[in-house]
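>>> sequence and computational prediction follow.
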Amino acid sequence: MPTVTTEDGVEIFYKDWGSKDAQPIVFSHGWPLTSDDWDAQMMFFNNRGFRVVAVDRRGHGRSTQVDDGHDMDHYADDLAAVVRHLDLKDAVHVGHSTGGGEVVRYLARHGTDRAAKAVLVASVSPLMVKTEANPNGTPKEVFDGYQAALAENRAQFFYDVPAGPFYGFNREGVEPMPGVIWNWWRQGMMGGAKAHSDGIVAFSQTDFTEDLKAIAIPVLVVHSEDDQIVPFAAAGPRSAELLPNGVLKTYPDLPHGMLTTHADVLNAELLAFIKE
């Protein structure tokens, strides 16, 4: 398996498809998934002549199941290690959910010399948890409940999330897709419980406000008003406002996991933005 070893000895798995001379698109996945969650986008853009790269976050998928480093700084540094290893230039970084936060921290922490554009899909930025400064955020007790459910019965929790709010299968008139549910479960169970528990803190409590202000390249922010995982009001519009060169694209009723359930819609949106 293709991997790169980070400075602290963690093996990070990555996929790298397409001509090395083509413009690279780098995909960062959501919690608690893997690079496999980008299959529909990887195939779409690879078939259109792009070089596509996707990474399994530390503790997730095929990367090393270490017990530490499950924070946004390490996530960003691990992504930077892959970018340097593959010598990627003029890259478009696309992050979903937690991966959106990872992309934001990477660009702010490591600079944009190797990046051309970025896309944040249902991103956790700028801050998920409710605070005095972030009154539209989600109460911390909700995330504490996630950690408790994971510790009690991770397998059941990792079924309930995709079977319900992640893909909007709990909405009236929406037909559940068993294969999609079990693929989410499969990806989640590939990773480590410690990484997943710590990751809840990382995606919910990291404040990306200053990171967003520091990113000058064009950034497309895609978010649904019916996102049940990362509520719209505290996320998409705020990220777009903080970005110096951000553009917000909203949808009224797509689920958090739109990259799977509505891949055709998202892929068209990404392609148009990349070609601008």
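Great, that's in hand. Numbering: from 1, shown residues only.
>>> what ranges does the stretch 101-250 of the chain have for its helices?
With helices called from DSSP state H, counting those that start in this stretch, the stretch 101-250 of the chain shows them at 140-163, 178-190, 193-205, 209-213, 236-242.
>>> which neighbouring elements make contact with the first one?
Just to be clear, that refers to helix 140-163. When contacts are defined as 3 or more CB pairs under 8 Å, 6 or more residues apart in numbering; DSSP states H and E, helix 140-163 sits against helix 178-190, helix 193-205. For every residue, glycine as well, the C-beta is placed using N, CA and C.
>>> name the residue closest to the centre of this protein, please.
Closest to where the C-alpha atoms of the chain average out (CA atoms, centre = their mean) is Gly99, at 2.2 Å.
>>> count the residues that sit near the closest residue to that residue other than its chain neighbours.
Leaving aside its sequence neighbours, Gly99 sits nearest to Ser28 (CB to CB, 6 or more residues apart in numbering; 3.2 Å). For Ser28, the neighbour count with other CB atoms under 10 Å is 30.
>>> contact partners of the helix or strand encompassing Phe27?
Element membership of Phe27, judged by DSSP states H and E, is strand 24-28. Strand 24-28 is contacted from outside by 35, 38, 41-42, 45, 50-55, 57, 79, 82-83, 86, 88-96, 98-100, 102-103, 274, using CB atoms under 8 Å, 6 or more residues apart in numbering.
>>> 7 Å instead, please
Contact partners of strand 24-28, identified using CB atoms under 7 Å, 6 or more residues apart in numbering, comprise 35, 38, 41-42, 45, 50-55, 79, 83, 88, 91-95, 99, 102-103.
>>> among the residues you listed, which lie within helices?
Among the contacts of strand 24-28, the members found in helices (DSSP state H) are 41-42, 45, 79, 83, 99, 102-103.
>>> just the buried subset of these, please.
The neighbour-count test (16 or more other CB atoms under 10 Å) applied to the ones in helices among the contacts of strand 24-28 identifies 41-42, 45, 79, 83, 99, 102-103 as buried.
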